[in-house]
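Asks: Sequence below, structure please.
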Amino acid sequence: MGANGGRAGCTVRDLDCIYRETDKLYYRFARSCGLSESAYWVLYGVVVGGGSASVRSLVEDLSIRPQTANSALRSLESKGLVSLEFEPGSRKNKVALLTDAGRAFSAERVEPALAAEQRAFERLAERDRSELVRLVGEFAAAVSDEFDALGEVDAR
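Replies: Numbering: from 1, shown residues only. As a prediction, the model looks like this:
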């Protein structure tokens with residue numbers, strides 16, 4: 001049985017349901033880590049960045065607003081998981097760095113999640129992985145084009 005309950009033909013609503021279910025999984029996982037969803041994703045971005053990431057790159061890579069990134073970083077900083085420093089040569093741009101506690105927390109919670117995602121992705125055949133990434137990218141671009149045509153989407 002597929003995401004559409006076995007009905008013939010899929011709709012955009014079926015895809016929306018899959019995205020919402022996936023979002024719910026990540027939300028629940030973030031909460032199980034004691035983090036908000038945005039704090040989890042920001043920490044994820046720092047971990048994927050090798051233990052450091054500029055705030056600018058987090059905003060771009062995670063497709064979040066700067067205010068969301070800064071709020072999540074303040075939360076992570078208050079938990080002792082990251083520290084914020086100015087980028088070398090800058091008095092404005094900041095970099096988030098994992099602290100020792102952040103490295104330990106990430107090793108226990110974030111890295112296993114990354115590995116689980118990778119294992120789940122690898123359960124698909126190679127050609128299906130490539131096709132999935134290609135098709136989701138095409139769909140996202142098409143939705144962006146359609147929203148742009150509406151002229152009502154506020155740029156970040």
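
Asks: so how far is the lengthiest helix in the chain off the chain centroid?
Replies: Secondary structure assigned by DSSP state H gives helix 126-150 as the longest helix of the chain. Taking C-alpha atoms, centre = their mean, to the nearest Å, one finds the center of helix 126-150 at 17 Å from the center of the full chain.

Asks: go on, stretch 120-128?
Replies: For stretch 120-128, the distance to the chain centre is 20 Å (C-alpha atoms, centre = their mean).

Asks: Start and end of that stretch, how far apart?
Replies: One end of stretch 120-128 sits 12 Å from the other (C-alpha to C-alpha, to the nearest Å).

Asks: Contacts made by that stretch with the rest, please.
Replies: Residues from elsewhere that reach stretch 120-128, judged by C-beta atoms under 8 Å, 6 or more residues apart in numbering: 129, 132. The way it works is simple: take the backbone N, C-alpha and C, and place the C-beta from them, glycine included.

Asks: Kindly report the same for stretch 134-154.
Replies: Applying C-beta under 8 Å, 6+ apart, the set of residues contacting stretch 134-154 is Leu15.

Asks: So, low pLDDT: which residues of this structure?
Replies: 1-8, 152-156 (pLDDT under 70).

Asks: And the helices in it?
Replies: 12-32, 37-48, 55-62, 66-78, 100-105, 111-122, 126-150.
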